[in-house]
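K.L.:
Here you go, sequence then predicted model.
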Amino acid sequence: MGRISISGGVRPKGLGRIQFDFVMDGIRLRPSLSCAPTPGNLQKARKLLARVKAQIDAGTFCFVDTFPNFRALKKLPPGITARSCGEVFDDFLNHEAARVARGDLAPITLRSHRQILNHAWRPQLGALPFLGVPHSRLIKIADSHQWNKKTYNNAVSALRRAFAFGYLDYPGHHNPADDLRGARMGKKDRPRIDPFSIQDAEVLIKALHLDWGHAHGNYDEFRFFTGLRPSEEIALVVTDYDRAQGVLSVTKARVDGIDKDCTKTGDDRRIKLCPRAIAILERHLKLRDRLVAEGQIQHPYLFFTDTGAPIPNVRYPYQRWERTLKRLRVRYRHPYVARHTSVSWNLMAGRNPLLIAKEHGHRILTMLTVYSAWTEGAAEADVTALREAMGYAVPEGIRHPAVTQPAPVPALTVEIPSSRTPEIPGIGATGKLKRTRAATEIDDPFGTEFGTPEMAELLKCLICCKKFGGADGTRTRDPRRDRPVF
């Protein structure tokens, strides 16, 4: 006859621990918890052991959840240990996939989280017990990668989301990922705005038409004069263009080959097209109508590939832009700079800053602080050439004439092979693009009736408003820096 236990499976172990004794999957386990073996604590331990045995019978017990500091945890069979970090990552990604299916999450967000978790965190955390990962381990993994600040913040954000999802099952436990802090992004860490001059843009537009034909050339040329995001431009349909009003509606985007019924910011926009943009669009619609009549286009999208199919994603035109720009004697910029260029050009032309911000989907303060520094020193000759390119009427005289007349600047001539030379309004049908800057330049920017010195002062005042209030926008003493903030 076997010995009858008088401890109920719970007994003191030394002066500071309580040991449990139970069987799981045919294996006898005797873990312990750090707790003084007082009569009250022993009674609570017996109740805990009763719940453990009930969960074992129900098949819901997770050993590591209850005994995360068990010394022989790595020697236990996989069926006894708790969920690993890899299993939590899988559950998190499956949940986000379900949200994507419901339209509650952008597909590109799911793709980004999956890529970050699988490549940056899973190799070192995947096999570890979820509740046994300390904060120091997370910091060590994050610091081992040679990331810039933005990439570091993206990686930490994805991990925080996954851990927050996993710790919802353990409300009594501390989430070590909550203490991870992102890198502080300063003004110098943000990419510098480097827009095209109108002369360089015309050279690039001409080359794109010659290299890839009108369908692709119109696509890139149109973005210079509208400031559309690439994901918004490839999602445009013919009915988005109001020919009678000269207005373009921007209400959707195509991200990673998937159509979305909203823009990046979620706000619909209406853009009043300049004469040059209208001319580009009318020329493109004639080309599209011809391809529709030939049966090559059977979709409603405005822009298309050489074969007439919709542009699948933003990488398709990106590769062509890169190949063309690298062969020119023009400083390389990525395609998104065409959007920055459009904002800068509109400010140089003297348009209402509030209207520009609304049409381009920017906040007014962000637009002025980022773009106005580049436009502040614009010469009158550049503004005149820009307005000519955009199709606006140029005033006959200049309000503030130059004190001295500088020597004329030689004409800019770019040699391009004459084969496949298209007829492009405003550019010409020859293989040479000639543009001469006006000889009259003045020191006072915004000197025409379209861009007055008063407008320049308004821009400066709005920029200065951001500086009021001291560090971090406060007017009190900053305890973190131990200095008065004015």
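P.N.:
Looks like it came in fine.

K.L.:
Buried residues in the strand or helix carrying F89, which are they?
P.N.:
Secondary structure assigned from DSSP states H and E places F89 in helix 85-102. Buried residues in helix 85-102, defined by neighbour count with 16 or more other Cβ atoms under 10 Å: 85-86, 88-90, 92-93, 96, 100. Using the backbone N, CA and C atoms, a C-beta is placed for each residue, glycine as well.

K.L.:
Dump those residues to TSV, plus pLDDT.
P.N.:
Shown next, in TSV, are the buried residues of helix 85-102 (pLDDT from 0 to 100):
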residue	pLDDT
C85	90
G86	90
V88	92
F89	95
D90	94
F92	95
L93	96
E96	95
V100	90
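
K.L.:
out of those residues, who's nearest Y392?
P.N.:
Set against Y392, the nearest of the buried residues of helix 85-102 by Cβ to Cβ is V100 (44.2 Å).

K.L.:
Next one: the closest one from G257, what distance?
P.N.:
13 Å (Cβ to Cβ, to the nearest Å).

K.L.:
now do T305
P.N.:
Shown here: T305 relative to G257, a distance of 13 Å by Cβ to Cβ.

K.L.:
Please apply the same query to Y167.
P.N.:
According to Cβ to Cβ, Y167 stands 34 Å off from G257.

K.L.:
who has more neighbours, those two?
P.N.:
Neighbours of Y167 and G257, each counted by other Cβ atoms under 10 Å, are more numerous for Y167; the result is 19 against 13.

K.L.:
what residue ranges in this protein are flagged as low confidence?
P.N.:
Judged against pLDDT under 70, the low-scoring parts of the chain cover residues 1-7, 58-60, 64, 74, 77-82, 371-378, 393-486.

K.L.:
Domain-wise, how is it divided?
P.N.:
10-75, 85-189, 198-465 (automatic domain parsing).

K.L.:
Need the winner for burial among the ones you listed.
P.N.:
domain 198-465 (a mean of 17; mean count of other Cβ atoms under 10 Å).

K.L.:
G213 - nearest residue in space that isn't next to it in sequence?
P.N.:
Take G213 and drop its neighbours on the chain: the residue closest to it by Cβ to Cβ, 6 or more residues apart in numbering is D306, 6.3 Å away.

K.L.:
for that neighbour, what are its contacts?
P.N.:
D306 is in contact with 212-213, 215-216, counting by Cβ atoms under 8 Å, 6 or more residues apart in numbering.

K.L.:
Would you map the strands across the stretch 1-150 of the chain?
P.N.:
Per DSSP state E, counting those that start in this stretch, the stretch 1-150 of the chain carries strands over the ranges 10-13, 17-20, 22-24, 27-29, 32-34.

K.L.:
The last one - contacts with which helices or strands?
P.N.:
Going back to what we said before, that points to strand 32-34. Under the contact criterion of 3 or more Cβ pairs under 8 Å, 6 or more residues apart in numbering; DSSP states H and E, the helices and strands touching strand 32-34 comprise strand 17-20.

K.L.:
Return the list of strands paired to the strand it packs on, each annotated with direction.
P.N.:
Paired neighbours of strand 17-20 in the sheet (DSSP bridges): strand 10-13 (antiparallel), strand 32-34 (antiparallel).

K.L.:
Out of those strands, which gets nearest to R270?
P.N.:
By Cβ to Cβ (comparing all of these), the closest turns out to be strand 32-34, at 65.0 Å.

K.L.:
what does that closest one contact?
P.N.:
Surrounding strand 32-34, the residues in contact under the criterion Cβ under 8 Å, 6+ apart are 13, 16-20, 45, 67, 69.

K.L.:
From these, pick the one nearest G227.
P.N.:
N69 (57.4 Å).

K.L.:
Relative to K272, how far out is that closest one?
P.N.:
Distance, N69 to K272, by Cβ to Cβ: 66 Å.

K.L.:
next one: R161
P.N.:
40 Å.

K.L.:
Also A45?
P.N.:
Computed as Cβ to Cβ, the A45 to K272 distance reads 74 Å.

K.L.:
Can you pull the phi/psi pair for S249?
P.N.:
phi -100, psi 130 (degrees, to the nearest 10).

K.L.:
Turn the contacts of strand 32-34 into JSON lines, columns for distance to S32.
P.N.:
Formatted as JSON lines, the entries for the contacts of strand 32-34 read as follows, by distance: Cβ to Cβ, whole Å:
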{"residue": "K13", "distance to S32": "5"}
{"residue": "G16", "distance to S32": "10"}
{"residue": "R17", "distance to S32": "4"}
{"residue": "I18", "distance to S32": "6"}
{"residue": "Q19", "distance to S32": "4"}
{"residue": "F20", "distance to S32": "7"}
{"residue": "A45", "distance to S32": "10"}
{"residue": "F67", "distance to S32": "8"}
{"residue": "N69", "distance to S32": "9"}
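
K.L.:
I141: which of these is nearest?
P.N.:
When the contacts of strand 32-34 are compared against I141 (criterion: Cβ to Cβ), the nearest one is N69, at 21.0 Å.

K.L.:
Contact partners for the closest one?
P.N.:
When contacts are counted by Cβ under 8 Å, 6+ apart, N69 touches 34, 132.

K.L.:
Remind me what the helix holding F89 packs against, helices and strands.
P.N.:
In terms of contacts (3+ Cβ pairs under 8 Å, 6+ apart), helix 85-102 is packed against helix 107-116, helix 122-125, helix 149-166.
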